[in-house]
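Colleague: Below is the structure, and that's it, no one-letter string:
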Ligand code: ADP
Ligand code: MG
């Protein structure tokens with residue numbers, strides 16, 4: 001099919017002020033995104049707009065730029081209000097607005113609950129031009145008369161579908177009543193359920209509907225693959241996938257909250273730095289998880305569709321549809337979370353034999369080119385890990401600051417051939433349970449030795465060695481007894497699974513056992529040892 005070739009638009013084409021153009025260029029925006037291209041002119045001309053585009057398409061600047069252009073800096077009153085569903089999104093939007101407004105010297109101020117209202121009041125008193133807030137807290141300020149909306153010219157409902165899902169409809173209605181009807185009203189949403197259209201009829205004046213269909217956003221930079229996997233093999237498949245990309249950052253999608261918790265729990269048990277996030281999470285829990293992910297303390301985030309909405313995480317290398325999305329729209333939405341900011345991304349979909357029809361539907365409707373993939377073998381994973389280790393070693397060699405270790409190396413070289421010493425080090429680093437380095441004890445952190453599901457006086461520990469490594473209960477008991485110096489009879493209930501083992505040790509020796517056994521070698525394998533999680537049925 002031939003596509004019409006259109007020369008890309010430039011920010012210069014909108015007739016914007018030099019201050020905005022300077023800010024946009026400083027932010028590194030080269031050209032407007034599709035939603036910006038259509039929305040900015042409509043807003044500048046005074047129209048109400050309903051915008052629908054997927055997360056990460058630059059909606060904030062799409063409404064932010066015209067808002068900033070329309071504000072009178074000399075009038076010290078709130079002239080624009082943006083309502084957002086969560087504190088995190090309000091802060092993000094305010095930050096983006098302040099960057100855009102930098103040379104105009106306007107102030108956008110976020111107000112949200114869960115934090116001191118007094119400090120917000122004092123800033124509001126000093127005068128801000130743009131308020132970005134969550135509906136509850138905004139209403140609170142209105143009721144306290146610490147926020148006056150009588151001079152508001154533009155009101156934005158950002159992530160409107162999510163605000164509805166969160167039950168903010170009444171708050172929003174009450175806030176809109178405080179704003180003069182001469183205002184411009186904008187509504188942005190990733191999806192357009194009927195209720196949103198009803199609201200738009202009631203509160204907007206002949207809005208222009210701008211919809212950027214998701215498929216034009218399915219960046220060609222995303223490599224789309226599907227794996228045929230049986231349900232019971234999914235966890236193993238996911239582990240291999242994660243192993244094959246050392247340093248990758250994964251967003252895993254599940255159907256249900258329970259599935260998300262189970263998958264994250266399972267990954268933790270296997271030693272990965274994983275966390276789940278879903279609709280039951282409070283705002284502060286969400287933020288804590290996100291923070292860990294952003295700081296790289298966790299590199300696998302397991303989420304439901306609802307929880308992942310509105311998330312602004314830009315460096316996801318892999319999106320994995322652990323459960324196949326229910327509709328093509330949602331597929332496009334999910335995979336759009338990778339391949340952002342010009343980087344390449346991989347989208348993997350697990351398809352059970354019964355879900356093949358669903359896959360065909362997704363392919364047909366979203367016109368996605370999803371290729372059949374093959375899971376990497378253990379050898380391929382090893383190869384990939386070796387290459388990545390080699391790169392790191394090269395870096396260390398270039399860096400040359402290893403004087404302290406040269407002495408140790410000399411000591412080693414006196415006893416063994418250098419090549420053998422090197423091979424042993426490589427084995428130590430690469431063999432054993434592949435993910436030992438990835439998560440280590442921190443991967444299951446948050447589990448206390450007093451809460452491992454063991455009987456009184458005992459602690460249950462998890463070890464990354466199992467039947468696949470041909471290890472027997474006796475080997476484990478002997479190794480622990482010898483290394484941690486506790487009698488073999490003190491070690492109870494050794495349950496060996498394919499790739500991991502649970503044991504129970506006296507609570508007062510548990511720290512010692514972990515200290516001596518974690519990252520030690522049993523039957524030629526490096527193992528990770530950590531407090532076990534209480535079994536799911538006894539959890540919480
Ligand atoms: P949305 O609200 O649609 O989810 P955001 O407004 O949060 O998306 O924008 C996502 C990211 O894209 C932000 O980091 C933003 O700074 C960046 N961005 C916005 N517009 C552009 C542009 N024209 N070019 C490059 N990056 C942009
Ligand atoms: Mg947004």
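Modeller: Noted; the coordinates are in hand. A quick note: this is a predicted structure, and the numbers were derived from the prediction, not measured. Residues are numbered from 1 along each chain as shown. Ligands and ions are numbered 1, 2, ... in the order given.

Colleague: and residue 172, how far is that from ligand 1?
Modeller: 18 Å (CB to the nearest ligand atom, to the nearest Å). No exception for glycine: its C-beta is placed from N, CA and C like everyone else's.

Colleague: in terms of contact, does that residue touch residue 82 like I think?
Modeller: No: Residue 172 is beyond contact range of residue 82, at 12.0 Å (criterion: CB atoms under 8 Å).

Colleague: Neighbour count for those two, which is higher?
Modeller: residue 82 (27 against 20; other CB atoms under 10 Å).

Colleague: Which element, helix or strand, includes the more buried one?
Modeller: Using DSSP states H and E, residue 82 sits within strand 80-83.

Colleague: and the chain, which residues reach ligand 1?
Modeller: 29, 32-33, 36, 55-61, 96, 312 (CB under 6 Å from any ligand atom).

Colleague: tell me the two of the residues you listed that are most distant?
Modeller: 32 and 312 (18.8 Å; CB to CB).

Colleague: higher neighbour count, those two?
Modeller: residue 32 (22 against 16).

Colleague: so that one sits right up against residue 20, yeah?
Modeller: No: contact criterion CB under 8 Å: residue 32 and residue 20 do not qualify, at 12.0 Å.

Colleague: Which parts of the protein belong to which domain?
Modeller: Domain assignment for the chain by automatic domain parsing gives 11-211, 222-376, 380-430, 431-540.

Colleague: Name the residues of stretch 140-160 that are buried.
Modeller: Burial within stretch 140-160, assessed by neighbour count using 16 or more other CB atoms under 10 Å, is assigned to 140-142, 146-147, 149, 151-160.

Colleague: one step back: which residues are contacting the strand holding residue 82?
Modeller: 63, 67, 70-71, 90, 93, 97, 129-135, 138, 149, 152-158, 163, 168, 172, 175, 179 (CB atoms under 8 Å, 6 or more residues apart in numbering).

Colleague: Give me the subset of those lying in strands.
Modeller: 130, 131, 132, 133, 154, 155, 156, 157 (DSSP state E).

Colleague: Let me know the closest of these to ligand 1.
Modeller: residue 156 (10.9 Å; CB to the nearest ligand atom).

Colleague: Tell me what the closest one is bridged to.
Modeller: Note on residue 156: beta-bridge partners by DSSP bridges are residue 82, residue 186.

Colleague: wait, it sits on residue 189?
Modeller: No: taking contacts as CB under 8 Å, residue 156 lies outside contact range of residue 189: 11.3 Å.

Colleague: Go ahead and confirm residue 67 touches residue 154.
Modeller: Yes: under the criterion of CB under 8 Å, residue 67 makes contact with residue 154 at 5.3 Å.

Colleague: which residues are in contact with both of the two?
Modeller: 43, 80.

Colleague: Residue 227 against residue 236, yeah?
Modeller: No: judged on CB under 8 Å, residue 227 makes no contact with residue 236 at a distance of 11.3 Å.

Colleague: ok, those two, which is more surrounded?
Modeller: residue 227 (20 against 16).

Colleague: mind listing the helices for the stretch 401-540 of the chain?
Modeller: Along the stretch 401-540 of the chain, the segments classed as helices by DSSP state H, counting those that start in this stretch run 403-415, 418-430, 436-443, 473-484, 507-517.

Colleague: and those, which is most packed in?
Modeller: Each of the helices of the stretch 401-540 of the chain was scored by mean neighbour count; the highest is helix 436-443, a mean of 20, by mean count of other CB atoms under 10 Å.

Colleague: Please identify the buried residues of stretch 516-528?
Modeller: For stretch 516-528, burial by neighbour count (16+ other CB under 10 Å) applies to 516, 517, 518, 520, 521, 522, 525, 526, 527, 528.
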